[in-house]
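Participant: Attaching a predicted model along with its sequence, questions to come.
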Amino acid sequence: MRTLGRYWFLWVAVLLAVTMVAAGWPGLAEYDSGEQFRQVLSGRYDDWHPPVMARLWSLLRVLGGGAGPMMVLQIVLYWLGLGLLAGGLARTGRPRAAAVVLGIGALPGFAVWQWAVLKDIQMVAAMLAAVGIVGWWRLRGVRMLWAATAFAILLLGYATLVRANALFATVPLAVMLLPRGRWPVRLTLALVGMAAIIVLTPLIDADLFGAAPSGVRTTEPLFDLAAIAVRTGDADATGIDPAGIAALRHDRCVKTYFWDTLGDGPCAEAIEDLASRPVGAMYLQLAHAALRHPLAYAEHRLAHFNMTQRWLVGRELMNDWPPSQSQPNKLGLDDPGPLASWWIVRTAALADTPIGWPVVWLTLAVATLVEGLRRTASPLRDLALALVVSALALEASFIAISIAADLRYHLWPMIAVALGVVLLVAEARPSRHVLIASMVALGLVVAGGIIARATLPPAPSDYPEILTS
């Protein structure tokens with residue numbers, strides 16, 4: 001009984017994990033899920049979706065259940081991380097904070113996504129498990145076992161490879177979790193680490209996982225160059241001929257929300273010559289265009305950043321909540337359990353409230369960073385800073401590197417910030433000045449979002465509508 005009480009929060013996390021698996025089996029398969037599973041079935045892989053995830057899925061496929069094994073994996077890792085973090089807090093005499101950590105995991109905005117088998121959710125689950133492992137020892141001031149350290153590194157490695165932009169979150173997190181190091185040293189390590197991953201990832205995908213190149217790395221420069229071309233009409237700067245620019249304008253190919261319209265049809269034909277170039281040449285072209293037209297580039301990127309932050313936009317913007325049923329397919333990927341589907345439908349309205357606006361969590365992240373930097377080093381403060389710095393680094397990357405505005409891209413920053421706040425508050429009350437400034441900033445951000453949704457036309461709410469809007 002003493003052992004049961006000592007690990008009470010871990011047992012609660014186990015119960016929550018079992019409940020979620022039972023409610024959601026055999027998992028929710030969206031379009032991306034189906035494309036990856038198609039590769040699993042065929043044995044032919046490319047790098048449009050992370051081959052590390054498809055390869056892992058092929059190993060777990062022997063367990064049956066279509067998407068089920070991958071759903072179980074991410075739910076187990078999700079609650080493992082939260083359970084260990086809550087357990088670490090409880091064992092340092094902070095049971096209320098521990099209960100809040102589990103409550104954060106159960107929030108609909110975070111929990112409903114755990115049924116969806118997607119690379120973003122795999123990344124979140126692996127990172128949470130790594131943080132939980134570190135927190136279990138660090139919060140108590142105990143040196144980690146080498147096996148635990150190795151497992152945390154393995155999880156962060158998987159998280160890094162399972163999503164193209166994950167390095168902006170995983171590398172800062174790993175560097176901030178180092179037991180010691182000054183800020184300049186940490187920054188240098190982070191920059192070197194991210195540069196190394198950018199260089200090595202294509203080699204790992206091709207040589208280790210046997211993934212064929214798909215052209216996915218050209219989507220970012222194509223998205224940005226098309227936007228600059230439409231805004232300026234400069235064929236020389238963008239590498240898109242005048243006829244192509246005219247076609248982009250006529251067919252309304254450039255969308256603030258995402259790049260998808262440029263992927264096929266007349267819009268793809270308009271940029272065909274540019275798309276045939278090597279990716280390095282395209283990025284050089286983008287640098288040239290951005291330097292010649294900095295205002296057009298900034299206007300495009302800031303408009304997209306506002307969209308992906310879901311701030312000054314019309315109400316009911318698409319891709320804010322998982323669907324209640326799997327994408328229709330003939331691959332054996334079934335719908336999730338009825339209880340999961342019911343809960344997804346019942347909670348979907350929360351997505352259009354401030355809880356579902358990444359900009360709110362971004363504002364809270366800045367306030368948490370300021371408060372954390374005011375404090376002296378401690379296990380809680382250091383872990384909170386690691387989470388918040390990781391969240392801010394990933395959010396900052398969306399300013400320059402982003403081609404779509406799905407809410408699920410922001411799940412890690414949102415969860416990381418929520419946990420960072422809990423850790424800091426568990427240690428001590430926040431500064432009165434920081435608290436007041438934070439409340440004012442959050443009030444202004446929320447007010448701006450509410451006014452925008454009340455005055456702007458409703459946003460496109462589904463894929464066909466946004467393609468033609």
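Facilitator: Right, received. Where do you want to start? Numbering: from 1, shown residues only.

Participant: And the helices in the stretch 301-450 of the chain?
Facilitator: Assigned by DSSP state H, counting those that start in this stretch, the helices in the stretch 301-450 of the chain fall at 338-347, 358-374, 379-397, 411-427, 432-455.

Participant: so what secondary structure elements neighbour the shortest one?
Facilitator: Yep, that's helix 338-347 we're talking about. Packing partners of helix 338-347 (3 or more CB pairs under 8 Å, 6 or more residues apart in numbering; DSSP states H and E): helix 8-24, helix 108-111. All C-beta spots, glycine's among them, are computed from the backbone N, C-alpha and C.

Participant: Can you say which of those helices is nearest to Ser276?
Facilitator: helix 108-111 (41.6 Å; CB to CB).

Participant: for the helix or strand just after the closest one, packing partners?
Facilitator: Downstream of helix 108-111, the next assigned helix or strand under DSSP states H and E is helix 119-138. Helices and strands touching helix 119-138, by 3+ CB pairs under 8 Å, 6+ apart, are helix 68-90, helix 146-161, helix 167-176, helix 379-397, helix 411-427.

Participant: coming back round to it: mind putting the helices of the stretch 301-450 of the chain in TSV, mean pLDDT, distance to Pro328 and mean neighbour count included?
Facilitator: Putting the helices of the stretch 301-450 of the chain into TSV (pLDDT from 0 to 100; distance: least, CB to CB, whole Å; neighbours: other CB atoms under 10 Å) gives the following:
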stretch	mean pLDDT	distance to Pro328	mean neighbour count
helix 338-347	98	15	17
helix 358-374	97	29	21
helix 379-397	98	32	24
helix 411-427	98	25	24
helix 432-455	97	31	14
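
Participant: would a markdown table of those with distance to Pro221 be doable?
Facilitator: Shown next, in a markdown table, are the helices of the stretch 301-450 of the chain (distance: least, CB to CB, whole Å):
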| stretch | distance to Pro221 |
| --- | --- |
| helix 338-347 | 36 |
| helix 358-374 | 24 |
| helix 379-397 | 16 |
| helix 411-427 | 25 |
| helix 432-455 | 30 |
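
Participant: Find the centremost residue of this protein, please.
Facilitator: Tyr409 (3.2 Å; CA atoms, centre = their mean).

Participant: who's in contact with that one?
Facilitator: Contact analysis of Tyr409 by CB atoms under 8 Å, 6 or more residues apart in numbering lists 120, 308, 398, 402.

Participant: Could you do Leu274 as well?
Facilitator: 222, 225, 238-240, 244, 282, 285.

Participant: Equivalent analysis for Leu187, please.
Facilitator: Leu187 touches nothing, counting by CB under 8 Å, 6+ apart.

Participant: thinking Ala247 is in contact with Leu262, fair?
Facilitator: No. If you go by CB atoms under 8 Å, Ala247 and Leu262 don't touch, sitting 11.2 Å apart.

Participant: quick one: which of the two has more around it?
Facilitator: Each of Ala247 and Leu262 has its neighbours counted (other CB atoms under 10 Å); Leu262 has more, 23 against 17.

Participant: Which of the helices of the stretch 301-450 of the chain sits closest to Leu295?
Facilitator: The nearest among the helices of the stretch 301-450 of the chain, by CB to CB, is helix 379-397 at 20.6 Å.

Participant: Packing partners of the closest one?
Facilitator: So helix 379-397, by 3+ CB pairs under 8 Å, 6+ apart, packs with helix 119-138, helix 167-176, helix 358-374, helix 411-427.

Participant: can those helices go into CSV with extra columns for distance to Ile197?
Facilitator: What follows is these, written out as CSV (distance: least, CB to CB, whole Å):
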stretch, distance to Ile197
helix 119-138, 14
helix 167-176, 5
helix 358-374, 23
helix 411-427, 16
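
Participant: Can you list the low-confidence ranges for the stretch 1-150 of the chain?
Facilitator: Filtered on pLDDT under 70, the stretch 1-150 of the chain yields the residue ranges 1-6.

Participant: Apply 80 and report the result again.
Facilitator: Within the stretch 1-150 of the chain, the segments meeting pLDDT under 80 span 1-6, 65.

Participant: In TSV: the helices and strands packed on helix 119-138, plus distance to Gly105.
Facilitator: Conversion of the helices and strands packed on helix 119-138 to TSV gives the following (distance: least, CB to CB, whole Å):
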stretch	distance to Gly105
helix 68-90	4
helix 146-161	17
helix 167-176	18
helix 379-397	14
helix 411-427	8
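
Participant: now the strands: where do they sit in the stretch 201-350 of the chain?
Facilitator: Along the stretch 201-350 of the chain, counting by DSSP state E, counting those that start in this stretch, strands occupy 211-212.

Participant: re the thing from before, so for Val142, which of the helices of the stretch 301-450 of the chain sits nearest?
Facilitator: Closest among those, using CB to CB: helix 379-397, at 9.7 Å.

Participant: ok, back up a step: export the helices and strands packed on helix 338-347 to a markdown table and tack on distance to Arg381?
Facilitator: Shown next, in a markdown table, are these (distance: least, CB to CB, whole Å):
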| stretch | distance to Arg381 |
| --- | --- |
| helix 8-24 | 21 |
| helix 108-111 | 24 |
